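*Asks:* no sequence for this one, just the structure:
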């Protein structure tokens, strides 16, 4: 699965976005700037989460490759003995 998990969205991203928009609406004088800042923070949060997910998947795939190589070496060693 590439991308943020559903848990991240349900417990962190969605409540954070709703809370920040609600707080920004409370301040009528800085409404536009507040919305811009909150939107940028939300977009950056999703981007960072996706980047971290891709890195985790790449690390997992590399771990699988390394494990297969070690297993092949162990089989070769056991055949020699």
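*Replies:* Great, that's in hand. Everything numeric in this text was worked out from a predicted model, so none of it was measured.

*Asks:* tell me what the longest helix anywhere in the chain is packed against?
*Replies:* As assigned by DSSP state H, the longest helix anywhere in the chain is helix 31-80. If you count contacts as 3 or more C-beta pairs under 8 Å, 6 or more residues apart in numbering; DSSP states H and E, helix 31-80 packs onto helix 14-26. Bear in mind the C-beta positions are built from the backbone N, C-alpha and C, glycine included.

*Asks:* switch the cut-off to 10 Å
*Replies:* Judged by 3 or more C-beta pairs under 10 Å, 6 or more residues apart in numbering; DSSP states H and E, the packing partners of helix 31-80 are helix 6-8, helix 14-26.

*Asks:* please identify the buried residues of the last one?
*Replies:* Going back to what we said before, that points to helix 14-26. Neighbour counts over helix 14-26 (16 or more other C-beta atoms under 10 Å) mark 17, 20, 24 as buried.

*Asks:* what's in contact with it?
*Replies:* With contacts defined as C-beta atoms under 10 Å, 6 or more residues apart in numbering, helix 14-26 is touched by 8-9, 30-39, 41-42, 45-46.

*Asks:* which one of these sits closest to residue 56?
*Replies:* Taking C-beta to C-beta as the measure, residue 56 lies nearest residue 8 of the contacts of helix 14-26, at 12.4 Å.

*Asks:* and for the nearest residue to that closest one once chain neighbours are set aside, the neighbour number?
*Replies:* Using C-beta to C-beta, 6 or more residues apart in numbering and skipping residues adjacent in sequence, the residue nearest residue 8 is residue 49, 5.8 Å away. Residues near residue 49, counting by other C-beta atoms under 10 Å, number 17.
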